[in-house]
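Trainee: quick one: sequence plus predicted model below, questions after.
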Amino acid sequence: MNPLIITAALTGAEVTREQQPALPVSPQEIGIAAAECAEAGASIVHVHARLPDGQSTQDPVIYEQILREVRQRSDVIVQISTGGAVGMTPQERLAPVALRPEMATLSMGSVNFGQDVFLNAPSDIAVFAHEMLRLGVKPELEIFDTGMLATAKRWLRQGLLPQPAHVDLVLGMPGGMAATPQTLLYLVSELPPECTWSAAGIGAAQLPVVTWAILLGGHARVGLEDNIYYRKGELAVSNAQLVARVVRLAHELEREVATPAQARQMLGLSGG
Ligand code: KMH
Ligand code: ZN
């Protein structure tokens with residue numbers, strides 16, 4: 001099997017400092033958390049920007065500070081969010097892609113998101129995809145529901161998305177797919193053979209989902225964006241603590257952990 005690419009989803013748009021005191025919020029905190037995760041074994045950090053008061057933002061100025069803070073401390077791959085927060089306009093969400101990060105997320109459809117609706121109209125997805133292609137930003141296709149994978153495959157066939165794709169399968173999100181081995185096996189069976197893929201589990205699903213992904217030859221996403229606990233009733237002390245656990249699991253399961261250089265090679269990124 002290929003070495004395991006570990007993505008650390010550091011902050012997200014929804015978790016608050018009140019819920020999780022270790023959440024990195026400022027660009028400097030995000031830079032430090034990214035370096036800790038890279039040191040622990042992550043090769044990608046998925047980042048969201050926040051205003052000083054903790055509110056979510058897609059302001060490119062703040063994303064630029066995040067990129068600088070991360071890059072001065074480590075060579076980890078930075079993947080910015082274009083999902084942003086529910087309710088943001090597509091234009092707002094797309095804005096930081098102009099900074100030409102190595103990667104950005106691309107949600108492949110709309111889904112209920114807890115009590116909210118995460119809207120991704122086909123026309124907006126197409127604009128996001130086109131802009132990423134134009135700027136040389138590798139999309140990570142976010143799959144929150146099985147129909148989104150069907151859409152991704154159709155768009156890949158039609159040449160609307162660059163090949164080979166990198167896909168992230170998100171399980172356990174209220175409104176999305178159940179975090180069961182059967183769901184993951186179905187999704188994996190439907191993936192185009194040439195693509196790379198990771199899996200993420202929301203909340204208590206994080207640990208089982210990444211364990212299944214390690215065993216199935218996929219890659220793993222963990223972090224406080226998706227799950228604020230280390231175990232039931234015990235908050236994680238840092239993003240790096242969650243990464244370190246995946247590294248231990250990978251070692252026990254005899255799966256090598258990818259360096260950023262190996263991850264860049266597997267994902268077809270030219271670097272920096
Ligand atoms: N915050 C969610 C509404 C992404 O980063 O691309 C969307 C999200 C996905 O977090
Ligand atoms: Zn995100």
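Mentor: Looks like it came in fine. Fair warning: this is a prediction, and the values are worked out from it, not measured in the lab. Ligands and ions are numbered 1, 2, ... in the order given.
Trainee: please look at Ile5 and His219 and confirm they touch.
Mentor: Yes - contact status for Ile5 versus His219: in contact at 4.0 Å, counting by Cβ atoms under 8 Å. Backbone N, C-alpha and C define where each C-beta goes, glycine included.
Trainee: as a check, name the ranges of all strands in the stretch 151-272 of the chain.
Mentor: 166-171, 196-201, 219-222, 229-231, 234-235 (DSSP state E, counting those that start in this stretch).
Trainee: what's near enough to touch the closest residue to ligand 1 within the stretch 151-272 of the chain?
Mentor: At 6.7 Å from ligand 1, Glu225 is the closest residue in the stretch 151-272 of the chain, using Cβ to the nearest ligand atom. The contact partners of Glu225, by Cβ atoms under 8 Å, 6 or more residues apart in numbering, come to Ala9, Leu10, Thr11, Gly12, Ala13, Glu14, Val15, His46, His48.
Trainee: ok, Met108 to Asp145 distance?
Mentor: When distance is defined by Cβ to Cβ, to the nearest Å, Met108 is 9 Å away from Asp145.
Trainee: ok, those two, which is more surrounded?
Mentor: Counted by other Cβ atoms under 10 Å, Met108 and Asp145 do not tie: Met108 has more neighbours, with 26 against 18.
Trainee: can you tell me how far the more buried one is from ligand 1?
Mentor: 10 Å (Cβ to the nearest ligand atom, to the nearest Å).
Trainee: what sits against that residue?
Mentor: By Cβ under 8 Å, 6+ apart, the neighbours of Met108 are Asn120, Ile125, Leu141, Glu142, Ile143, Phe144, Met148, Leu149, Thr151, Ala152, Trp155.
Trainee: list just the nearest of those to ligand 1.
Mentor: Glu142 (5.4 Å).
Trainee: ignoring the adjacent residues along the chain, who's closest to that closest one?
Mentor: Distances taken as Cβ to Cβ, 6 or more residues apart in numbering put Ser107 closest to Glu142, at 4.4 Å, once the chain neighbours are dropped.
Trainee: count the neighbours of the one you found for me.
Mentor: 26.
Trainee: same check, this time on Trp155
Mentor: Trp155 has 19 nearby residues by other Cβ under 10 Å.
Trainee: Arg134 too?
Mentor: Neighbours of Arg134 under the rule other Cβ under 10 Å: 9.
Trainee: hang on, the earlier thing: gap between the residue of the stretch 151-272 of the chain closest to ligand 1 and Met1?
Mentor: 26 Å.
Trainee: do Ser198 as well
Mentor: 14 Å.
Trainee: same question for Ser270.
Mentor: Ser270 is 24 Å from Met1, by Cβ to Cβ.
Trainee: compare these two (neighbour count), which wins?
Mentor: Taking other Cβ under 10 Å, Ser270 and Met1 do not tie; Met1 has more neighbours (12 against 8).
Trainee: ok, that one to ligand 1 distance?
Mentor: Using Cβ to the nearest ligand atom, Met1 is found at 27 Å from ligand 1.
Trainee: next, count neighbours for the residue lying closest to that residue once chain neighbours are set aside.
Mentor: Among residues not flanking Met1 along the chain, Gly217 sits closest, at 4.8 Å (Cβ to Cβ, 6+ apart). Residues contacting Gly217 under the criterion other Cβ under 10 Å number 13.
Trainee: check contacts around Leu242.
Mentor: So Leu242 contacts Ala8, Gln206, Val222, Gly223, Leu224, Asn227, Tyr230, Ala236 (Cβ under 8 Å, 6+ apart).
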